[in-house]
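# I'll drop the sequence and a predicted model, then ask my questions.
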Amino acid sequence: MSNILANKEIEKINKITLNKIKPNYELSFFLAKKDKIDYVYNTSALEGNAMTYPEVETLLDGITVGGHKLSDEQMVLNQNRSVNFLFDLIKENDFDLNKEIFLKLHNEVAKEEALKWGMFRDENIRIGGTEYLPPHFNNLNAIFLANYEQLQKIDNPINRAITFFLLGARNQYFYDGNKRTSRLMMNGELLKNGYPIFNIKAKDKLEFNKTMLDYYDSNNIIIALKFLMAYYKNQNEQLQVNL
């Protein structure tokens, strides 16, 4: 079982900067809803979806867009539905980094896409582009529980949220939709604590993918965490939250 969170360096990353970030729940939630289409577009594009921003916007307005695979449309609609579900969880104060919420979000993200959805995988899988093999499916529940307990020991919500995303992506709990679901969990933890969402842009796909593959190969969460923390800081510099 991974002991990755035992590394005390996680708590040290940008500690001074993190402590200066002032949460603003109303502003962060307002901006998340306002930027939902942009988030859906970028998240889908990072997964290789060929639909453009105007096409995504049109589809989410309820108008069919021609010239694309049905699977591309399904991904966009699933992503939109899952974001709406996350917003409902936040409004009702029902969000937590637990397995129940993780499975519920995956049920929305990967419906009709993954081999199975709303449940941890029950077979072993591979990740393209790396020699790294995700954990055996029999160990997933124990790994999730151990990581959940250790995540609670990370004081700063931003640090905790991004760490969850990285662990969710590397452990590959599901047949498909791992990064998308883990990203929603990350953003749920951010919004719950009053921080802006993390929206990785499609234009940064190459750098993001390289960082993730390096992380899979090396299991060095610190390097990946530093990259994502810097990305998050730069993305939100314009907001009046002392980033």
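Yes, it's here.
# wait, what's in contact with the residue nearest to the spatial centre of the chain?
With distances taken as C-alpha atoms, centre = their mean, Arg183 lies nearest the centre of the chain, 0.7 Å away. By C-beta atoms under 8 Å, 6 or more residues apart in numbering, the contact list for Arg183 reads Thr43, Phe165, Phe198, Ile200. Any C-beta I mention is one placed from the backbone N, CA and C, and that applies to glycine too.
# one more time with 10 Å, if that's ok
Neighbour list for Arg183: 39, 43, 46, 79, 82, 105, 109, 161, 164-165, 168-169, 177, 197-200 [criterion: C-beta atoms under 10 Å, 6 or more residues apart in numbering].
# cool, Phe87 as well?
Phe87 touches Phe29, Ala32, Lys33, Lys36, Phe95, Asn187, Gly188, Leu191, counting by C-beta under 10 Å, 6+ apart.
# hang on, the earlier thing: now, the contacts of Arg183 that are in helices?
Tyr39, Thr43, Leu46, Gln79, Ser82, Leu105, Val109, Ala161, Phe164, Phe165, Gly168, Ala169 (DSSP state H).
# could those residues go into a markdown table alongside distance to Leu89?
Below are the ones in helices among the contacts of Arg183 laid out as a markdown table (distance: C-beta to C-beta, whole Å):
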| residue | distance to Leu89 |
| --- | --- |
| Tyr39 | 16 |
| Thr43 | 17 |
| Leu46 | 23 |
| Gln79 | 16 |
| Ser82 | 11 |
| Leu105 | 8 |
| Val109 | 14 |
| Ala161 | 14 |
| Phe164 | 15 |
| Phe165 | 17 |
| Gly168 | 17 |
| Ala169 | 21 |
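# who wins for neighbours among those?
Val109 (30 neighbours; other C-beta atoms under 10 Å).
# give me the pLDDT for that residue.
Per-residue confidence (pLDDT) for Val109: 96.
# quickly note the distance from it to Gln172.
For Val109, the distance to Gln172 (C-beta to C-beta, to the nearest Å) stands at 14 Å.
# which residues do the two both contact?
Shared contacts of Val109 and Gln172 (C-beta under 10 Å, 6+ apart): Asn178, Lys179, Ser182.
# buried subset of those residues?
Asn178, Lys179, Ser182 (16 or more other C-beta atoms under 10 Å).
# helices and strands of this structure: which one has the lowest mean pLDDT?
helix 15-20 (a mean of 62; mean pLDDT, DSSP states H and E).
# my guess is Ala161 contacts Asn193. True?
Yes: Ala161 is within contact range of Asn193, at 8.0 Å (criterion: C-beta atoms under 10 Å).
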